[in-house]
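S.K.: here's a sequence, model it:
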Amino acid sequence: MKSFLLENHRIIALIALASSWFLIFPSCQRNIQQDEDSGFRLDTIASPQYAGLFVAGYIHHHRAVWLKDPWDTTKIYSRFIILSHRLPNDSIPHGYQPIILPVNSIATTSSTLISHLSSLNILDHLIGVADTSYIFHPYIRQRIHDRQVQEIARGDRIEAESLIACRPDLSFITLYAGQDYSRFQQMGLQIVPLADYMENHPLGRAEWIRFVGYFVGKEKEADSIFRQIASEYSSVQKKVSHNDRPARIFDGFMNSGVWYVSGGRSYMAQLYKDAGLSYVFSDLNETASKGLGFEEVFSRAHDADYWRIVVSQKENFSLQDLLNLDKRYVLFESARKQKVVVCNASHVPLYEEGVAHPELILSDLVYLTRPELLPDYIPRYYQIIE
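M.R.: Numbering: from 1, shown residues only. Take a look at the predicted model:
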């Protein structure tokens, strides 16, 4: 195959232009990927400990960052080279997107990035966010009011004109399947995809502050912040390590005839385990949620000790509000004994802040199920409803 390619490279080039060469010649695609990867030197110290979707290293003495394809982690979705000054185009390694420091203005579709930027003391760099009406941080809310921060997306739909009008130095965009950022890049915008929400370990999601740190010139600060988060998480986890009879917990509720529970290999399943709880559906192989029928959930969880729910309601959410949703809920022992753990995401910054600080969510779960282990703790996101 290799000799054929060498002898007929002109013919192959013509075919490539005409008919999407990477589909016709997959082996050629692998060769090019090998060329792109050949100069990369892994940095085991800077690379993540818990996150599985990015790695850091060097190429030509410059910081290099790889983002893995979340849907096929054997492939690389994006390659970046971090530079302190511009280089001639022919000096940029093939397949790498250059990021020029310093970065002074940032737009994002991820609410969690607000917490990361706040921790890194560069929140004033933020000029574009998604869904302004759902922002909690008071500083950003004030800047939205003063029109210093613009809305550049709603949900997963980017408002192209708004993003272009902001002209940020860098845009961190949450990565979803099928999205195409090329039109923004062709307009000169630097786009960095975020896939933190696809990490299954709570510390894996929090560790994306290190990913952000590479791109904003705050690598050492981000590493220090994450190590503190991981240390506090581990400290709480150790308090429940000798729990011989863990309480049983389940989650979710009926939605349009389907009960969605966390998968047994999911982010929440790991939090339950680390909080010393026994998750009723830990045997499910899914890393995300799984839809079940009421009967199956009831048969396995009717006598569980605790029930965890996340709602988004402007008013306070009570136990009676829950029971009003479905009269069958009263059949669960956790409801009858008033052991329903609820986060009302309209009242607290669970997604904006909590994901970046899993040590706080873990502390909430431990305190609400075994308060004697954290006697002076005040829950931040969850409460047991009455």
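
S.K.: residue 284 and residue 262, how far apart?
M.R.: Distance check for residue 284 against residue 262: by Cβ to Cβ, to the nearest Å, it reads 8 Å. For every residue, glycine as well, the C-beta is placed using N, CA and C.

S.K.: and these two? Which one has more around it.
M.R.: residue 262 (26 against 18; other Cβ atoms under 10 Å).

S.K.: give me the beta-bridge partners of the more buried one?
M.R.: residue 289 (DSSP bridges).

S.K.: longest strand of this structure?
M.R.: Identified as the longest strand of the chain according to DSSP state E is strand 72-83.

S.K.: looking at the protein, which helix or strand is least sure?
M.R.: The weakest-scoring helix or strand in the chain, judged by mean pLDDT, DSSP states H and E, is helix 21-24 (a mean of 33).

S.K.: tally of neighbours for residue 84?
M.R.: 10.

S.K.: give me the contact list for the longest strand of the chain.
M.R.: Here strand 72-83 makes contact (Cβ atoms under 8 Å, 6 or more residues apart in numbering) with 33, 36-37, 52-53, 59-60, 62-70, 92-93, 95-101, 175, 192-193, 195, 214-215.

S.K.: just those: which are in strands?
M.R.: 59, 62-69, 97-100, 192-193.

S.K.: of these, which is the most crowded?
M.R.: Neighbour-wise, the ones in strands among the contacts of strand 72-83 (other Cβ under 10 Å) top out at residue 65, 25 neighbours.

S.K.: residues in contact with that one?
M.R.: 54, 55, 56, 57, 79, 80, 82, 211, 214, 215.

S.K.: tell me which of these fall in helices.
M.R.: Among the contacts of residue 65, the ones falling in helices (DSSP state H) are 211, 214, 215.

S.K.: check contacts around the last one.
M.R.: This points to residue 215. 65, 80, 82, 99, 103, 170, 172, 192.

S.K.: what residues are up against the nearest residue to the third one once chain neighbours are set aside?
M.R.: With Cβ to Cβ, 6 or more residues apart in numbering as the measure, residue 63 is the residue that lies nearest to residue 82, at 4.1 Å, once sequence neighbours are left out. Contacts of residue 63 were listed using Cβ under 8 Å, 6+ apart, and they are 46, 56, 57, 81, 82, 214, 219.

S.K.: on that earlier part again, what angle do the longest strand of the chain and strand 62-69 make?
M.R.: If you take axes from the mean of the first three to the mean of the last three Cα atoms, to 10 degrees, strand 72-83 sits at 150 degrees to strand 62-69.

S.K.: so for strand 72-83, what gets flagged as buried?
M.R.: 76, 77, 78, 79, 80, 81, 82, 83 (16 or more other Cβ atoms under 10 Å).

S.K.: now swap in stretch 342-353 and tell me
M.R.: For stretch 342-353, by 16+ other Cβ under 10 Å, it's 342, 343, 344, 345, 347, 348, 349, 350, 351, 352, 353.

S.K.: reformat the residues you listed as JSON lines; add secondary structure and pLDDT.
M.R.: Listed next are the buried residues of stretch 342-353 as JSON lines, based on DSSP: H, G, I helix; E, B strand; the rest coil; pLDDT from 0 to 100:
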{"residue": "342", "secondary structure": "strand", "pLDDT": "98"}
{"residue": "343", "secondary structure": "strand", "pLDDT": "98"}
{"residue": "344", "secondary structure": "strand", "pLDDT": "98"}
{"residue": "345", "secondary structure": "coil", "pLDDT": "97"}
{"residue": "347", "secondary structure": "coil", "pLDDT": "97"}
{"residue": "348", "secondary structure": "coil", "pLDDT": "97"}
{"residue": "349", "secondary structure": "coil", "pLDDT": "97"}
{"residue": "350", "secondary structure": "coil", "pLDDT": "97"}
{"residue": "351", "secondary structure": "coil", "pLDDT": "95"}
{"residue": "352", "secondary structure": "coil", "pLDDT": "96"}
{"residue": "353", "secondary structure": "coil", "pLDDT": "97"}
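
S.K.: gap between the two ends of stretch 120-130?
M.R.: 20 Å (Cα to Cα, to the nearest Å).
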